[in-house]
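J.: sequence? don't have it. structure:
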């Protein structure tokens, strides 16, 4: 009905993701990810190593194994982290080329949303395309879209896209 069930204060929160186990993951601008129970109780804090140069987690998604995909908003690199915050792989990055000259495995402009399917494939929406990477961060494919600002998978592994002005 839209009524608030409660509030949890987390300073500098930038996004949130919910794992299949119901845990809530909240990245902060201080280089950490707060992990909360489904009821909002603080379970632990995942500290991100300063050596990773993950400066600002702008977006976060969780796969079915509890791995975290964190988008660094400054350089558009995606960091795949284990459930305890260890780096598994890094991919993407900001392209200095645009249009057909840009490497397909890099991002042009902003990444508006991210999603992971049941097979662990990673999807990143940009203004005019959605890029797909395998679970190891290798570029697979992309497809054109118009202003894709939101994405989500349902239980049948169908991708829903909010692509202005349609879903």
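T.: Yep, that arrived. Keep in mind that what you see is a predicted model, and the values were worked out from it rather than measured.

J.: From now on I want contacts and neighbour counts done on CA atoms only, so please keep to that.
T.: Fine.

J.: Quickly note the distance from the residue nearest to residue 82 when sequence neighbours are not counted to residue 15.
T.: Leaving aside its chain neighbours, residue 82 sits nearest to residue 67 (4.7 Å; criterion: C-alpha to C-alpha, 6 or more residues apart in numbering). Residue 67 sits 16 Å away from residue 15, going by C-alpha to C-alpha, to the nearest Å.

J.: Same check on residue 30?
T.: Separation of residue 30 from residue 15 (C-alpha to C-alpha) stands at 13 Å.

J.: what does residue 23 give?
T.: Distance, residue 23 to residue 15, using C-alpha to C-alpha: 14 Å.

J.: So which of the two has more stuff around it?
T.: Ranked by neighbour count (other C-alpha atoms under 10 Å), residue 23 and residue 15 place residue 23 first, with 20 against 16.

J.: if I pick that one, what's in contact with it?
T.: Applying C-alpha atoms under 8 Å, 6 or more residues apart in numbering to residue 23 gives the contacts 35-38.

J.: Ok, residue 109 next?
T.: By C-alpha under 8 Å, 6+ apart, the residues touching residue 109 are 94, 126.

J.: any idea which element it lies in?
T.: Assigned by DSSP states H and E, residue 109 falls within no helix or strand.

J.: Could you check how many residues crowd around the nearest residue to residue 146 once chain neighbours are set aside?
T.: Using C-alpha to C-alpha, 6+ apart and skipping residues adjacent in sequence, the residue nearest residue 146 is residue 128, 5.1 Å away. As a burial measure, residue 128 scores 14 neighbours (other C-alpha under 10 Å).

J.: Give me the local confidence score for residue 128.
T.: For residue 128, the pLDDT comes out at 86.

J.: Check the secondary structure at residue 80 for me.
T.: strand (DSSP: H, G, I helix; E, B strand; the rest coil).

J.: residues contacting the closest residue to it other than its chain neighbours?
T.: By the measure of C-alpha to C-alpha, 6+ apart, the closest residue to residue 80 outside its immediate chain neighbours is residue 69, 4.5 Å from it. Counting by C-alpha under 8 Å, 6+ apart, residue 69 makes contact with 60-63, 78-81.

J.: Same question for residue 120.
T.: Residues in contact with residue 120 (C-alpha under 8 Å, 6+ apart) are 63-64, 134-135.

J.: Between those, which sits nearest residue 92?
T.: residue 134 (12.0 Å; C-alpha to C-alpha).

J.: per-residue confidence at the residue lying closest to the closest one once chain neighbours are set aside?
T.: In space, and not counting its chain neighbours, residue 134 is closest to residue 121: 4.6 Å by C-alpha to C-alpha, 6+ apart. As predicted, residue 121 sits at a pLDDT of 97.
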